[in-house]
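Participant: Need coordinates for the following:
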Amino acid sequence: MNILDNKEKEIENKDINIDNNNVLIPKNHRNDSIMRFFIVVILCSFVFGLMGGIVSYNFLPTIENQFLNIGKIERRDTKKEESSNTSSYNSSISYEEAIINAVKETSPAVVSIIISKDVPVIEQYFFNPFKDFEDFFGPGFLIPQYRQKGTQKKEIGGGTGVIISPDGIVLTNKHVVSDENADYTIFTNDGKKFPAKVLAKDPVQDLAIIQIEDEKKLKPFKSAKLGNSDNLEIGQTVIAIGNALGELRNTVSVGVISGLGRKITASDGAAIEVLEDVIQTDAAINRGNSGGPLLNLKGEIIGINVAMAEGGQNIGFSIPINKAKRSIEQVKKTGKIIYPFLGVNYVLIDEKIQKERNLPVDYGALIVKSSSGWAVVPGSPAEKVGLKENDIVLEINNEKITVDNSLSKIVAKYNPGDKVILKVLKNKEEKIIEVVLGERS
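Facilitator: Numbers count the residues shown, from 1 in each chain. Model prediction:
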């Protein structure tokens, strides 16, 4: 044992400790320091706890209210789920809610149109051309032949329509109900089946109006709201509903307005039609969707789906609903759809047409022969005032005719019987001609 060890032993008997620097510290003094430290900690904890309570009491209700306001949609929907005890989906996102509500509101008014027709029943039979010579040449051989054995009613197509009034008036495309010899059946969203008759076909737009024949007196029908297609914006969300592929009823697709004022040439395999000022959308429009509604987020009809681009990806087109409103009102009042009529076949002049045909102007409507061989319709108002092939109609009532403002678009603003003033270029000489518009139905 060294000297230091002896010193420690001696000190232990005197209640004294040695720190690391060999300083003598009384044991009682060390215990007092520890006690003071714990007392200070307890006092600080009490003070801070008291201050925290005061702050929480004064400010927590405000913070809680703000938090509840931020999450009020979610809390409301949760209560709705708990009270309904159903598995239905409730969204806390306003955009998604708007789509769901628009579809729920309008779907009952969207109908499937089934096209059926009496078609021949063909049977096969076998004919032996050497039957009379079997005694000389043996049984011979049989040749298959075909013959008609009566007719049967058969579905030949389908489309979509939308009910626009409680009495069962349905708006659809003209090409959906173009067959005069076919029968049309309406299937409503709740599975009911009704025969339908065509009331009128629009001579200019690809639109038709048909009537549900309600023999069981189940009226009123759920109808959709008509919106306003004059204030649409590119990028605006739209919803398409239709009888996709003629089989999948009330199929919903969502997209945006991709373009406005489009001009397209549409064909259904039997007829070709030029449609002006149509809406372009990337909402999926499939075969069978023709005649179905294009909706805004309020559930209002802003267009009637009419065509899709072959070979394109989500390029569909709809006729603006404001173009249909005029036809709807005419059918309700007169039972038919009529348009003002000038009676010329034309091409719109632009810089390219001007150069190709060596024309003196780069605007206007050049009167040309149609595929049927006429440039001016016989007996039409145009023929009566002397319009001929190669004349150029420059203006109607001082409104300039351009590629974006066609002759037919301007004429459609008037009514049959209206008198209009034409500025016409005849043999490079301008003439003013007064004409009374006829009626096209």
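Participant: If you count neighbours, what's buried in stretch 103-111?
Facilitator: 103, 105-111 (16 or more other Cβ atoms under 10 Å). No exception for glycine: its C-beta is placed from N, CA and C like everyone else's.
Participant: One more: stretch 205-224?
Facilitator: Residues of stretch 205-224 classed as buried by neighbour count (16+ other Cβ under 10 Å): 205-212, 214, 221, 223-224.
Participant: How about stretch 391-407?
Facilitator: 391-396, 401-402, 406-407.
Participant: can I get the buried residues of stretch 205-224 in CSV with pLDDT and distance to Val368?
Facilitator: Formatted as CSV, the buried residues of stretch 205-224 follow (pLDDT from 0 to 100; distance: Cβ to Cβ, whole Å):
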residue, pLDDT, distance to Val368
Gln205, 87, 23
Asp206, 90, 23
Leu207, 93, 27
Ala208, 93, 29
Ile209, 94, 33
Ile210, 94, 35
Gln211, 92, 39
Ile212, 91, 43
Asp214, 77, 48
Phe221, 89, 46
Ser223, 91, 44
Ala224, 93, 41
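Participant: Just the closest of the residues you listed to Lys428, please.
Facilitator: Using Cβ to Cβ, Gln205 comes nearest to Lys428 of the buried residues of stretch 205-224, at 35.6 Å.
Participant: Settle this for me: the closest one is touching Lys325, isn't it.
Facilitator: No: assessed by Cβ atoms under 8 Å, Gln205 is found out of contact with Lys325, at 11.2 Å.
Participant: Lys332 belongs to a strand, doesn't it?
Facilitator: No: according to DSSP: H, G, I helix; E, B strand; the rest coil, Lys332 belongs to no strand; its state is helix.
Participant: Gln354: helix or strand, and which one exactly?
Facilitator: Assigned by DSSP states H and E, Gln354 belongs to helix 351-357.
Participant: Same check on Gln280?
Facilitator: Taking DSSP H and E as the criterion, Gln280 maps to strand 272-281.
Participant: Which other helices and strands does that strand contact?
Facilitator: Strand 272-281 makes packing contacts with strand 248-267, strand 300-308, strand 316-320, helix 407-411 when contacts are defined by 3 or more Cβ pairs under 8 Å, 6 or more residues apart in numbering; DSSP states H and E.
Participant: at 7 Å what do you get?
Facilitator: Under the contact definition 3 or more Cβ pairs under 7 Å, 6 or more residues apart in numbering; DSSP states H and E, strand 272-281 sits against strand 248-267, strand 300-308, strand 316-320.
Participant: Which one of the buried residues of stretch 391-407 is nearest to Val254?
Facilitator: Using Cβ to Cβ, the shortest approach to Val254 within the buried residues of stretch 391-407 belongs to Ser406, at 32.1 Å.
Participant: The closest one contacts Glu276, doesn't it?
Facilitator: Yes: counting by Cβ atoms under 7 Å, Glu276 is a contact partner of Ser406 at 6.3 Å.
Participant: Can you read off the pLDDT for Phe137?
Facilitator: The model reports Phe137 with a pLDDT of 53.
Participant: again, but for Asn296
Facilitator: For Asn296, the model assigns a pLDDT of 93.
Participant: show me the contacts for it.
Facilitator: Residues near Asn296 by Cβ atoms under 7 Å, 6 or more residues apart in numbering: 227, 238, 302.
Participant: pretty sure Ile122 is touching Pro144, no?
Facilitator: No: with contact defined as Cβ under 7 Å, Ile122 does not count as touching Pro144 (11.9 Å).
Participant: Go ahead and name everything in contact with stretch 409-421.
Facilitator: Contacts to stretch 409-421, defined as Cβ under 7 Å, 6+ apart, come from residues 204, 276, 338-342, 396-397, 399, 401, 432, 434-439.
Participant: Derive a ChimeraX selection command for the buried subset of those.
Facilitator: Burial among those is assessed by 16+ other Cβ under 10 Å; the matching ChimeraX selection reads:
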select :204,276,338,339,340,341,342,396,401,435,437,438
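Participant: And Asp202, how close does it get to Glu383?
Facilitator: As for Asp202, its distance to Glu383 is 24 Å (criterion: Cβ to Cβ, to the nearest Å).
Participant: Looking at these two, which is more packed in?
Facilitator: Between Asp202 and Glu383, counted using other Cβ atoms under 10 Å, the more crowded position is Asp202 (23 against 16).
Participant: my read: the more buried one touches Asn173, true?
Facilitator: No: at 9.4 Å, Asp202 does not count as touching Asn173 under the criterion of Cβ under 7 Å.
Participant: residues near Phe317, how many?
Facilitator: Using other Cβ under 10 Å, Phe317 has 23 neighbouring residues.
Participant: Could you measure from it over to Leu199?
Facilitator: Between Phe317 and Leu199 the distance is 24 Å, computed by Cβ to Cβ.
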